[in-house]
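Enquirer: I'd like to go over a predicted model; first the sequence, then the structure.
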Amino acid sequence: MSFRYQQSSSALPEDRASLQIFLAQVQKRLQAFAARGLHLDMTRGKPSPEQLALAAPLLERSSAIGFRTVDGTDCRNYGGLPGIPEMRAIFANILGVPTDHVVAAGNSSLELMHGLVTAAMLNGVGSGMPAWSRCGEIRFLCPAPGYDRHFRICQEFGIDMVPVPMTDNGPDMDVVERLVADDESIKGMWCVPKYSNPTGAVYAPSVVQRLAAMHTAAADFRLFWDNAYALHHLTDEMVEIENILECCAASGHPNRPFVFTSTSKITLPGAGVAAFASSSDNLRWWMERYGVRTIGPDKLNQLRHADFLESAGHLHALMESHRRILAPKFAAVQAVFDHELAPYGIARWTRPRGGYFITLDLLSGGAQRTVDIAAEAGIVLTPAGATHPYGRDPDDRIIRIAPSYPTNEEVAQAAEGVALCVLVAVVERRLLSPEMTA
Ligand code: PMP
């Protein structure tokens, strides 16, 4: 793995006695930390109440904007399966695709992903292709570390997950190309191409082009392109990625990508709008399936979203407000880790340019123990292993840190607590290592 990690340099004490003294000191600090009786939650990438408040006008203006779309549709009624034109235009703009290649749906892109997998399992994708459920064993490539809820969808359907190593530039393409070229059972691949969950990796242009162009043994292979963090910058650099629909079309694979995004972390995660973009063939196929599930999405919510996001060039100003709230929290975690962990050479952590997570890598293991000790000290972390298929991190190294929800003060406290737990877990392990016990 090679992410934008902060590398730490020097090392822990080398002899057993000094290491034991060091451990006792850290344990004392951790006990004092636990005695504060804090309850800190760093589990999920949830926007904070302060961020949710940014969307207040969305709800306040809701009665003033009425119920008609630009084309006169009455949003109160049934119908309008592809979503209202205003909201499709906003998503087309976010994703850089033509409006007729994107549909606006319900409140969750994850639900759409689940829906697309369900449809593929039941009906098959692409003309004349069999239902995935009739194809025997089905596999998905899962870049790891990755997003646990993607992995849960695979587990739900009994889809075999094949981990692929992640780099700072996206998945290791040599591995991906080799796997998909030979194995017809590989039908899909999860991708979070920008500010990836949890590493913050951004897919390099060459990676996107190779994903678009690669030969796949399965004719009905699909890229599940989850662009959840398209606008979620943490720095001045507004990172852009290659347009997957265009790259795939140019490579002769127009039906390969299923593209997703949502306003969950732009407006309200519980009450946002999700989008699906793809080729005309795929959209036609999906609309037929989707129309069996629902008579139409919540168009009133789409209408108030369009009104809110269109007003005063709101989208980018809004994301800037999110950044102003989020960036200091990320900086607080970095500062504490720099201070508490960097001197010991036992861990490294990402400095993401966007997204919602910091990945903490305990170079020689101890992630599970760290999460357990943290729970005892009042800090709930994402379960160790969650970033890997089947919840199994083979080296027990990766911890996902989600700094968005707690207050700035709580984030700094939580980071300090996590750093102390890391030190305890790693030093305990080292004391048990053969060279120490010999
Ligand atoms: N994709 C990724 C990569 C995410 O991190 C999240 C939220 N943590 C989601 C999807 C969920 O999106 P939604 O709220 O639109 O279902």
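Expert: Cool, got the structure. Residues are numbered from 1 along each chain as shown.
Enquirer: So which residues on this structure come close to the ligand?
Expert: 45, 108-110, 147, 192, 197, 226, 228, 262, 264, 269, 274 (CB under 6 Å from any ligand atom). C-beta here means a position set from N, CA and C on the backbone, and glycine is covered the same way.
Enquirer: In JSON lines: those residues, plus distance to Val176, neighbour count and secondary structure.
Expert: Listed next are the residues of the chain next to the ligand as JSON lines, based on distance: CB to CB, whole Å; neighbours: other CB atoms under 10 Å; DSSP: H, G, I helix; E, B strand; the rest coil:
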{"residue": "Gly45", "distance to Val176": "25", "neighbour count": "24", "secondary structure": "coil"}
{"residue": "Ser108", "distance to Val176": "27", "neighbour count": "18", "secondary structure": "coil"}
{"residue": "Ser109", "distance to Val176": "23", "neighbour count": "23", "secondary structure": "helix"}
{"residue": "Leu110", "distance to Val176": "23", "neighbour count": "19", "secondary structure": "helix"}
{"residue": "Tyr147", "distance to Val176": "17", "neighbour count": "24", "secondary structure": "coil"}
{"residue": "Val192", "distance to Val176": "15", "neighbour count": "27", "secondary structure": "coil"}
{"residue": "Asn197", "distance to Val176": "18", "neighbour count": "25", "secondary structure": "coil"}
{"residue": "Asp226", "distance to Val176": "16", "neighbour count": "26", "secondary structure": "strand"}
{"residue": "Ala228", "distance to Val176": "20", "neighbour count": "23", "secondary structure": "coil"}
{"residue": "Ser262", "distance to Val176": "26", "neighbour count": "28", "secondary structure": "strand"}
{"residue": "Ser264", "distance to Val176": "28", "neighbour count": "21", "secondary structure": "coil"}
{"residue": "Pro269", "distance to Val176": "31", "neighbour count": "18", "secondary structure": "coil"}
{"residue": "Ala274", "distance to Val176": "26", "neighbour count": "24", "secondary structure": "strand"}
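Enquirer: Backbone dihedrals for Leu381, please?
Expert: Main-chain torsions, Leu381, degrees, to the nearest 10: phi -110, psi 160.
Enquirer: cool, Trp285 as well?
Expert: With angles defined as degrees, to the nearest 10, Trp285 sits at phi -60, psi -50.
Enquirer: That one is in contact with Gly124, isn't it?
Expert: No - judged on CB atoms under 8 Å, Trp285 makes no contact with Gly124 at a distance of 9.4 Å.
Enquirer: would a markdown table of the residues of the chain next to the ligand with pLDDT and distance to Leu211 be doable?
Expert: Listed next are those as a markdown table, based on pLDDT from 0 to 100; distance: CB to CB, whole Å:
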| residue | pLDDT | distance to Leu211 |
| --- | --- | --- |
| Gly45 | 89 | 24 |
| Ser108 | 98 | 25 |
| Ser109 | 98 | 19 |
| Leu110 | 98 | 21 |
| Tyr147 | 97 | 17 |
| Val192 | 98 | 13 |
| Asn197 | 95 | 18 |
| Asp226 | 98 | 13 |
| Ala228 | 98 | 17 |
| Ser262 | 98 | 22 |
| Ser264 | 98 | 24 |
| Pro269 | 96 | 28 |
| Ala274 | 98 | 22 |
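Enquirer: Could you list the low-confidence segments of this protein?
Expert: 1-10, 312-313, 437-438 (pLDDT under 70).
Enquirer: rerun that using 90 as the cut-off
Expert: 1-14, 43-45, 61-64, 126-128, 310-314, 316, 433-438 (pLDDT under 90).
Enquirer: what packs against the longest strand belonging to the chain?
Expert: The single longest strand within the chain, with elements called by DSSP state E, is strand 160-167. Applying 3 or more CB pairs under 8 Å, 6 or more residues apart in numbering; DSSP states H and E, we find strand 160-167 packed against strand 139-144, helix 148-157, helix 173-182.
Enquirer: could you give the angle of the first one to strand 160-167?
Expert: The reference is to strand 139-144. For strand 139-144 against strand 160-167, the angle by axes from the mean of the first three to the mean of the last three CA atoms, to 10 degrees is 30 degrees.
Enquirer: Specify the angle between strand 139-144 and helix 148-157 in degrees.
Expert: Angle between the axes of strand 139-144 and helix 148-157 is 160 degrees (criterion: the same axes, to 10 degrees).
Enquirer: if we can go back for a sec, who touches the longest strand of the chain?
Expert: With contact meaning CB atoms under 8 Å, 6 or more residues apart in numbering, strand 160-167 is reached by 1-3, 137-146, 151, 154-155, 171-172, 175-176, 179, 185-186, 189, 196, 199, 201, 388-390.
Enquirer: Give me the buried subset of these.
Expert: Buried subset of the contacts of strand 160-167 (neighbour count, 16 or more other CB atoms under 10 Å): 1, 3, 138-146, 151, 154, 171-172, 176, 179, 185-186, 189, 196, 199, 201, 388-389.
Enquirer: In the protein, which residue is most central in space?
Expert: Asn197 (3.1 Å; CA atoms, centre = their mean).
Enquirer: Nearest residue to it in space, please, no chain neighbours.
Expert: Sequence neighbours aside, Tyr147 is the residue nearest to Asn197 in space, at 4.3 Å (criterion: CB to CB, 6 or more residues apart in numbering).
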